[in-house]
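Okay, structure incoming, though there's no sequence with it:
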């Protein structure tokens, strides 16, 4: 059945391999850039920004591995690419939205899931659930890869 | 007379509604006797034998074969003019009667001229109408195969579509339940969704946390000992069990245990989520 084969997740080892390769590439790029620019005393805001860069690299590599056919991957890449221009605007808006939870608390869980999944506000429920399954799979793979890298270094 | 009739049967093989023939036929077989079942097997072999010679013919051709065929043809034509699928049924049965061996059909026909064949054709046509609904359902989009109205369920298209949608949703929920650890025992859609949301949030938090950790790794190893020595195979083959003790066992609250200083950093640092 077509829907089932769409849902069936990719071969986990191969996706993990691709994800690890992509993430390591961008991570080493970040590393070379920072080691080229930074001095030995990293100031706190710089540190914060760098970890955000790593996080963005992680998400973007995840989305790239998931491929353009996934709606969440498209939305995530779009968001990551358009972020630097609207950073301050989005920061303020997001801060405002997080300070008013009580009304959204009573909302249904599907709305929560929509907000959680990138690009989920434009999906119907079926697509949302399918994309969520794929997103969870990719996210857990990403977490495993990052954990393995950090364990290797520590 | 036989060779064109074989072609007729091959035509009915090309038509999609002929798939219902095998399911239709036992009804006719009950009426016509056990010999019809044998003939059905013949017909099926014929259907298998001529898959390529299928040409898309009109209904007029079929009707002409029906009328030329037997004495009971007038009645059959009345039946066959009702709708297309029942016409399929009647023509295919008629073809098959004459196809396998005409003698036996004549035996039946001569046994009782007016009653026998009509009694044989009519139930199959009513069954054909009933089955035509079922055979039309599988042909359109494949998602609607399993949607069938049980007794007491609404059968209009909106209800059917809604039921199909609900089944799809529940199926995906099941897949998600398999994906999220510790979610199989949870009963109720809202609770399952809660678990899924919590799991996604925890995973996103882990990504944040691990990015900070990697960042610290990055800044600590300024001498650049190297990701270069770190192969991808290493990641893949490495067992995650030791790391999974930290996170994997507790699906919900990853923040609670006594963690190293990274967690304090994570809580303290106001990092926006990338979701």
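Yes, it's here. Just so it is clear, the structure is predicted and the values come from calculations on it, not from any experiment.

Distance of residue B:201 relative to residue A:141?
17 Å (Cβ to Cβ, to the nearest Å). Bear in mind the C-beta positions are built from the backbone N, C-alpha and C, glycine included.

Which secondary structure element is home to residue B:167?
Assessed by DSSP states H and E, residue B:167 sits inside helix B:157-179.

Mind listing what's buried along the helix of greatest length in chain B?
Secondary structure assigned by DSSP state H gives helix B:189-220 as the longest helix of chain B. Neighbour-count burial for helix B:189-220, counted by 16 or more other Cβ atoms under 10 Å in any protein chain shown, picks out B:192-219.

same for chain A: which of these are within range?
Contacts with chain A within these, as defined by Cβ under 8 Å from any Cβ of the partner chain: B:193-194, B:196-197, B:199-201, B:203-204, B:206-208, B:210-215, B:217-219.

Now do the strands in chain A.
Remark: no strands are assigned in chain A by DSSP state E.

Now do the longest helix anywhere in it against helix B:189-220, angle only.
If each helix of chain A is counted by residues according to DSSP H, the longest one is helix A:125-153. Using axes from the mean of the first three to the mean of the last three Cα atoms, to 10 degrees, the inter-axis angle of helix A:125-153 relative to helix B:189-220 is 30 degrees.

Provide a list of residue ranges in the stretch 1-150 of chain B with pLDDT below threshold.
By pLDDT under 70, the weakly predicted segments of the stretch 1-150 of chain B are B:1-149.

To clarify, my last question referred to chain A.
A:1-12, A:34-48, A:83-107, A:154.

pretty sure residue B:203 is in contact with residue A:139, am I right?
Yes - using Cβ atoms under 8 Å, residue B:203 makes contact with residue A:139 at a distance of 4.4 Å.

returning to what we had before: is the longest helix of chain A up against chain B anywhere?
Yes - judged by Cβ under 8 Å from any Cβ, helix A:125-153 comes into contact with chain B through A:125-126, A:129-130, A:132-133, A:135-137, A:139-140, A:142-153.

all helices for chain A, in order.
Using DSSP H, helices in chain A cover A:2-7, A:12-37, A:44-66, A:71-82, A:87-98, A:102-105, A:109-116, A:125-153.

Make JSON lines out of the ones you listed and add mean neighbour count and distance to residue B:156.
Below are the helices of chain A laid out as JSON lines (neighbours: other Cβ atoms under 10 Å in any protein chain shown; distance: least, Cβ to Cβ, whole Å):
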{"stretch": "helix A:2-7", "mean neighbour count": "12", "distance to residue B:156": "24"}
{"stretch": "helix A:12-37", "mean neighbour count": "17", "distance to residue B:156": "43"}
{"stretch": "helix A:44-66", "mean neighbour count": "20", "distance to residue B:156": "39"}
{"stretch": "helix A:71-82", "mean neighbour count": "18", "distance to residue B:156": "31"}
{"stretch": "helix A:87-98", "mean neighbour count": "11", "distance to residue B:156": "41"}
{"stretch": "helix A:102-105", "mean neighbour count": "8", "distance to residue B:156": "36"}
{"stretch": "helix A:109-116", "mean neighbour count": "18", "distance to residue B:156": "26"}
{"stretch": "helix A:125-153", "mean neighbour count": "22", "distance to residue B:156": "21"}
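
between those helices, which one is nearest to residue B:181?
helix A:125-153 (9.3 Å; Cβ to Cβ).

what angle separates that closest one from helix A:109-116?
Using the same axes, to 10 degrees: helix A:125-153 against helix A:109-116 is 50 degrees.

got CSV for the helices of chain A, with distance to residue B:157 too?
Compiled in CSV, the helices of chain A are given as follows (distance: least, Cβ to Cβ, whole Å):
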stretch, distance to residue B:157
helix A:2-7, 20
helix A:12-37, 39
helix A:44-66, 35
helix A:71-82, 27
helix A:87-98, 40
helix A:102-105, 35
helix A:109-116, 25
helix A:125-153, 18
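
of all those helices, which lies closest to residue B:164?
Comparison of the helices of chain A against residue B:164 by Cβ to Cβ identifies helix A:125-153 as nearest, at 9.9 Å.

surely residue A:144 meets residue A:17?
No - using Cβ under 8 Å, residue A:144 makes no contact with residue A:17, being 11.8 Å away.

if I pick residue B:173, what's in contact with it?
Applying Cβ atoms under 8 Å, 6 or more residues apart in numbering or on different chains to residue B:173 gives the contacts A:129, B:189, B:192.

what's the pLDDT at it?
You'll see residue B:173 listed with a pLDDT of 88.

what do you get for the one 5 residues further on?
With respect to pLDDT, residue B:178 has a value of 88.

just checking, it touches residue B:196?
No - Residue B:178 lies out of contact with residue B:196 (Cβ under 8 Å); the separation is 11.4 Å.

The closest residue to residue A:74 other than its chain neighbours: neighbour count?
With sequence-adjacent residues excluded and distances taken as Cβ to Cβ, 6 or more residues apart in numbering or on different chains, residue A:74 is closest to residue A:68, at 6.0 Å. The tally of other residues near residue A:68 (other Cβ atoms under 10 Å in any protein chain shown) stands at 10.

Look up how far residue A:53 lies from residue A:68.
23 Å.

Counting neighbours, what do you get for residue A:69?
9.

typed the wrong thing, it's residue B:182
Neighbour tally, residue B:182, other Cβ under 10 Å: 14.

Fine by me, we can end here.
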